[in-house]
Structure formats: C-alpha cells, structure tokens
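**Q** Predicted model and sequence below, questions to follow.
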Amino acid sequence: MKKVIKKVILGWLAVIGIGCLSWIVLLINPNLSYDHQTQFDIVTIFHNQELEEKTEVILKGVIEILKTSELYDESLNIQLYLNDDRIYTNLYPIFGTPIAYGLLNKTIVKNGDFKFNENMIEVQWKPNSALQKYNLTWLLAHEFTHNMQQINNLTYTIRTTFPAKINWKLEGHADYIARRFKEDGKLKGKIGKYLIEADRESNGLAPIKDEAGTYLTDGNYIYALVIQY
C-alpha cells in the first residue's frame with residue numbers, strides 16, 4: 001500500500017513539475033506563442049495577425065504622451081502582447097478581467113477588439129451586454145505608464161497593490177499622464193462636467209464620455225482629477 005501511495009505522489013509531483021517547466025518555458029519565450037514581433041521605437045509588439053496600417057501612428061502618439069512624464073526614459077523597452085494569442089495572455093495569474101494590464105516592462109492585452117485604424121478598443125464584458133468603446137491611445141498610454149511606474153519603483157507597486165488592491169495614486173497618475181491632463185488648465189471645467197454626468201442614469205456604463213463619444217473608466221478618471229488637483 002505504501003508503495004502505491006509513493007508512486008501516486010511521485011506521479012503527481014512529476015505532472016506538477018512538467019507543468020511548471022512548461023509554464024516557465026512559454027513565459028520567457030513569447031515567440032513560441034506568437035508568429036510575429038514588430039518594433040516601433042521603444043515598443044515591441046508581439047502578434048499573430050497582421051498589424052493594421054495606423055499601428056505605428058498610434059504608438060508614436062502614445063510615446064509622445066509618455067515623454068510628458070518624469071518617469072520616461074529613452075532606454076525603455078516596453079513589450080505589448082496582443083490578445084490574438086490565447087496561450088501567452090493567460091499565463092499570468094491576474095485577478096479580474098481587465099482590458100489590459102502592465103507587469104514590469106510588459107503590457108498584456110486580455111480583452112477587447114483592438115482597432116488601431118480607428119484608435120479604439122471595443123469590449124463586451126458579458127454576453128448580450130452593451131458594447132463599450134474606449135480610446136486606444138489612452139489605454140496604451142495608461143498601461144505603459146504603469147510599466148514605467150513599476151520599472152521606477154517595483155517594491156512600492158507590489159507593496160501597495162498586492163493582491164488585487166487598488167492604489168489610487170498609481171492609477172490616478174497613469175490616467176493623468178494618459179489623458180494629457182498635465183498643465184492643461186481645465187481642472188475646474190472637468191470637475192463640473194463630471195458632477196453633471198455622474199448623476200445621470202448610466203445603465204452600468206461609465207457615466208462620462210470623451211469628445212469622441214468613447215467611455216471613460218469612472219474610478220481612474222476621478223483619481224486623475226485628484227492628481228491634477
């Protein structure tokens with residue numbers, strides 16, 4: 001009986017060991033999951049499908065936004081993993097269902113249909129729920145700012161956000177940079193507009209949209225206003 005139990009335990013340990021080894025190999029070798037990687041300045045995109053025509057234009061705009069942050073460094077190497085691959089984007093144990101998230105120098109896309117030619121991400125969180133549209137330049141600038149935050153001070157980020165806590169300062173700063181609020185002189189008007197829109201019936205959607213009609217993430221927008229204040 002003891003020999004049988006020992007064999008079962010050794011078998012399970014072997015399975016776990018092989019699983020962990022496979023996970024590590026896939027994690028450090030994204031080229032095993034993706035057919036292509038394309039470099040645009042400081043950003044490397046890993047993708048399977050062909051990139052849309054305006055991808056480079058969008059990324060140039062995002063990089064110009066990042067340059068307004070004191071965390072920007074020309075030696076940055078940010079890696080963007082698109083969700084046209086279902087293996088690599090699910091290797092990381094991330095809580096919830098974000099559109100994308102930043103981890104060290106990587107931004108990993110989890111949800112949504114990325115449309116670079118339209119500068120838009122379309123997301124349907126649940127079956128039969130309303131389709132929400134978000135500005136792509138904003139999203140990438142937001143997540144890339146998180147990358148810069150972590151590269152600059154990883155210890156603080158881990159200490160204040162693990163496991164699945166929200167640090168309003170990090171989120172607010174990322175949105176403050178991404179939405180180009182820095183020194184725009186429009187804080188009072190934005191607060192007034194938000195107070196009006198937030199009182200309206202939102203049907204579960206973000207209560208406020210930008211000039212193009214794409215939704216703003218409610219919590220991050222408020223945090224950005226606090227940072228600007």
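**A** That came through, no problem. As the structure is a computational prediction, the values presented were derived from the model and not from experiment.
**Q** Next one, pLDDT for residue 85 please.
**A** On the pLDDT scale, residue 85 is placed at 75.
**Q** Now it. Its backbone dihedrals?
**A** phi -130, psi 130 (degrees, to the nearest 10).
**Q** So it sits against residue 34, correct?
**A** Yes. Counting by Cβ atoms under 8 Å, residue 85 touches residue 34, with 5.6 Å between them. In short, each C-beta sits where N, CA and C put it, glycine included.
**Q** all strands for this structure, in order.
**A** 36-40, 43-47, 78-81, 100-103, 106-109, 113-115, 120-123, 132-135 (DSSP state E).
**Q** residues in contact with residue 118?
**A** residue 136 (Cβ atoms under 8 Å, 6 or more residues apart in numbering).
**Q** What of residue 34?
**A** 46-48, 81, 85, 88.
**Q** list residues touching both of residue 85 and residue 34?
**A** 46-48.
**Q** who wins for neighbours among the residues you listed?
**A** The residue in the shared contacts of residue 85 and residue 34 with the most neighbours, by other Cβ atoms under 10 Å, is residue 46 (23 neighbours).
**Q** Now that residue. Nearest residue, chain neighbours left out?
**A** residue 34 (4.2 Å; Cβ to Cβ, 6 or more residues apart in numbering).
**Q** Distance of the one you found relative to residue 83?
**A** 11 Å (Cβ to Cβ, to the nearest Å).
**Q** Kindly report the same for residue 68.
**A** From residue 68 to residue 83 the distance is 28 Å (Cβ to Cβ).
**Q** the more surrounded of the two?
**A** residue 83 (19 against 16).
**Q** In this structure that one contacts residue 90, no?
**A** No. Residue 83 lies out of contact with residue 90 (Cβ under 8 Å); the separation is 9.4 Å.
**Q** Low-confidence regions, this protein specifically.
**A** 1-29, 31-32, 93-96, 127-128, 164, 197-218 (pLDDT under 70).
**Q** ranges for the helices of it?
**A** Secondary structure of the chain (DSSP state H): helices located at 2-28, 55-66, 136-152, 154-161, 168-178, 187-198, 218-228.
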